[in-house]
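> what shape does this take:
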Amino acid sequence: VGEARGGASRWCYADPTIALVCIFRVVLASRAAACESLMQLLMACPRNLNLAAFHRALGQVDGVVSLHDHHAWQIGADRMCTAHIVIADADAYSPVLRECTRIARQDHLFDKVTFQVEIVGAFDTSQEKLRLSSTTCRDAKE
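Numbers count the residues shown, from 1 in each chain. Got it, this is the predicted structure:
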């Protein structure tokens, strides 16, 4: 390769150049793993889950008046969800819970499901407000 004008060999540029190429390849190769790790740490909504469609499906179950505090996340390979389901008739408790669980497990492929069934008028939902400061999360949305 020869010598540069100052008498130094041009080979002195080869080592840092090869090191930069190696670093670039390692970063590219590990990008997917780093993104997946970040999603796990953030307990983000599982990929390929349409949360709005899942929410609609639960809301259309016979006997369901409404639902709130609906959450979905993934840890490792396990997909999990929770929701508060409001019903009007206490006798509909078991069939509603069974159908909501079926929808979550079979239609949306959740591994672990937790539903809290609430009966209209039997529970004061104002006690559930998350307080982070002088305002509540519910107040901030309205």
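> residues near the closest residue to G63 other than its chain neighbours, how many?
If you skip the residues right next to it in sequence, G63 has A92 as its closest partner in space, 3.7 Å away by Cβ to Cβ, 6 or more residues apart in numbering. Heads up, the C-betas are built off the backbone N, CA and C, glycines and all. The burial count assigned to A92 is 18, neighbours taken as other Cβ atoms under 10 Å.
> can you offset everything so residue one is 50?
Happy to do that; since the first residue is 50 now, the last one works out to A141.
> tell me if I am right that A141 is in a strand.
No: assessed by DSSP: H, G, I helix; E, B strand; the rest coil, A141 does not belong to a strand; its assignment is helix.
> wait, it sits on I134?
No: between A141 and I134 no contact is recorded; they are 10.3 Å apart, counting by Cβ atoms under 8 Å.
> so for the top helix by length along the chain, what gets flagged as buried?
Selection of the longest helix in the chain by residue count, based on DSSP state H, yields helix 63-90. Neighbour-count burial for helix 63-90, counted by 16 or more other Cβ atoms under 10 Å, picks out no residue.
> by contact count, what packs against that helix?
With contacts taken as 3 or more Cβ pairs under 8 Å, 6 or more residues apart in numbering; DSSP states H and E, helix 63-90 sits against strand 113-124.
> got the CA positions of the strand it packs on in PDB?
As requested, the backbone C-alpha atoms of strand 113-124 are provided in PDB (Å, rounded to 0.1, in the frame of the first residue of the first chain):
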ATOM      1  CA  VAL A 113     -72.200  -6.600  29.000                       C
ATOM      2  CA  VAL A 114     -73.200  -3.000  29.700                       C
ATOM      3  CA  SER A 115     -69.700  -1.500  29.400                       C
ATOM      4  CA  LEU A 116     -66.100  -2.200  30.100                       C
ATOM      5  CA  HIS A 117     -63.200  -0.100  31.400                       C
ATOM      6  CA  ASP A 118     -59.600  -0.300  32.600                       C
ATOM      7  CA  HIS A 119     -58.900  -2.600  29.700                       C
ATOM      8  CA  HIS A 120     -55.100  -3.500  29.400                       C
ATOM      9  CA  ALA A 121     -53.100  -5.900  27.300                       C
ATOM     10  CA  TRP A 122     -49.400  -6.700  27.400                       C
ATOM     11  CA  GLN A 123     -46.900  -9.400  26.700                       C
ATOM     12  CA  ILE A 124     -44.100 -10.900  28.800                       C
END
